[in-house]
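> this is a predicted model, with the sequence first.
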Amino acid sequence: MISGILLFVLAAGFPYYIFLEKNKRIGSKTIFLVSGFLLLCAIVLSFFIANEHPTSLVVISFLSALYTIYKATKTTNFYKLGYYFIFINAPFFMLFEDKGAFYSLSLLVSLVGIYFIGRFYEKNYGSANYLAVRGVTLATPYLSIYITVYLLCIALYPPFPNSLFFLNYLFSSESFGLWSIVVITLFAGNFFLAMRVMEKSLFGKPNTHIHYVDLTFKEKLLHLSVVIVLLGLSIYGLKELLL
């Protein structure tokens, strides 16, 4: 019970909404970094403590995730979307038990990429808000490719690692019938939000008044590193799925 509550506090949204978002001195970038670090702590802890939890804790986590989906539809900030996706997937972290760590790790790697995208926007367009520049299509090829990869991972598209760990859980779990509403709802939430961002940040009409800035060599290396890690997780997830 104690370990389940600890993992919930580290991975779910209510503590952040109560203590961090209401603090005007703490920006969304800081909350993203804090929530990502604490999710990493939860992943590490899950290898050392049994991820056992009462049904009530999963229900609370699910209600928190539904509220987070609603909040995510109200923002166009990459940093906020990053930590919202952590909180949306918190019930998966608890339901997946021993497999939850790898699913959450795969999610966290995808969100590291989203963080780099938000930082690029902030540096070149003055804000991590993907609607801060009207009509932006991100015509620069590399950035468009990386945003697409990260969002497809989060939307649980195969053969990206998030979907492989997700499917591995469904095929090996005996409790899917009991938690089908949780799984289907959060799958739809991930997919809808990721596709919403893609539609608004990638496929709008080009604006000829905007000077598009391409990724620097260092930024390309950072994103390439994230994609390589995701590829490695995909290979591992496929191996687990086929065994």
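Perfect, I can see it now.
> what's the burial count for Ile184?
11 (other Cβ atoms under 10 Å). C-beta coordinates here come from the backbone N, C-alpha and C atoms, glycine included.
> off-centre distance for stretch 144-163?
10 Å (Cα atoms, centre = their mean, to the nearest Å).
> from Thr68, how far off is the residue most central in space within the chain?
In the chain, the residue lying closest to the centroid (Cα atoms, centre = their mean) is Phe85, at 3.9 Å. Distance from Phe85 to Thr68, counting by Cβ to Cβ, to the nearest Å: 9 Å.
> identify the residues contacting Phe37.
Under the criterion of Cβ atoms under 8 Å, 6 or more residues apart in numbering, Phe37 has no neighbours.
> quick check: phi and psi on it?
For Phe37, the backbone dihedrals (degrees, to the nearest 10) come out as phi -60, psi -40.
> roughly how far does it sit from Leu108?
10 Å.
> show me how far the helix or strand where Leu143 lies is from its chain's centre.
According to DSSP states H and E, Leu143 maps onto helix 141-154. Centroid separation between helix 141-154 and its chain, computed with Cα atoms, centre = their mean, is 13 Å.
> over to stretch 75-92?
With Cα atoms, centre = their mean as the basis, stretch 75-92 stands 6 Å off its chain's centre.
> avg pLDDT for that stretch?
The predicted model assigns stretch 75-92 a mean pLDDT of 86.
> again, but for stretch 153-160
Averaging pLDDT along stretch 153-160 gives 83.
> ends of that stretch, how far apart?
End-to-end distance of stretch 153-160 (Cα to Cα, to the nearest Å): 5 Å.
> please spell out which residues along it are buried.
Buried residues in stretch 153-160, defined by neighbour count with 16 or more other Cβ atoms under 10 Å: Cys153, Ile154, Ala155, Leu156, Phe160.
> which of these sits closest to Leu238?
Comparing the buried residues of stretch 153-160 against Leu238 with Cβ to Cβ places Phe160 closest, at 10.5 Å.
> tell me how far that closest one lies from Cys41.
From Phe160 to Cys41 the distance is 24 Å (Cβ to Cβ).
> where does this structure have low pLDDT?
Within the chain, the stretches with pLDDT under 70 are 1-15, 18, 50-54, 94-100, 132-141, 172-179, 200-214, 240-243.
> residues near Ser110, how many?
By other Cβ under 10 Å, 28 other residues sit near Ser110.
> next structured bit after the helix or strand hosting Val197?
For Val197, the host element (DSSP H and E) is helix 180-201. Per DSSP H and E, helix 180-201 leads on to helix 217-242 as the next helix or strand towards the C-terminus.
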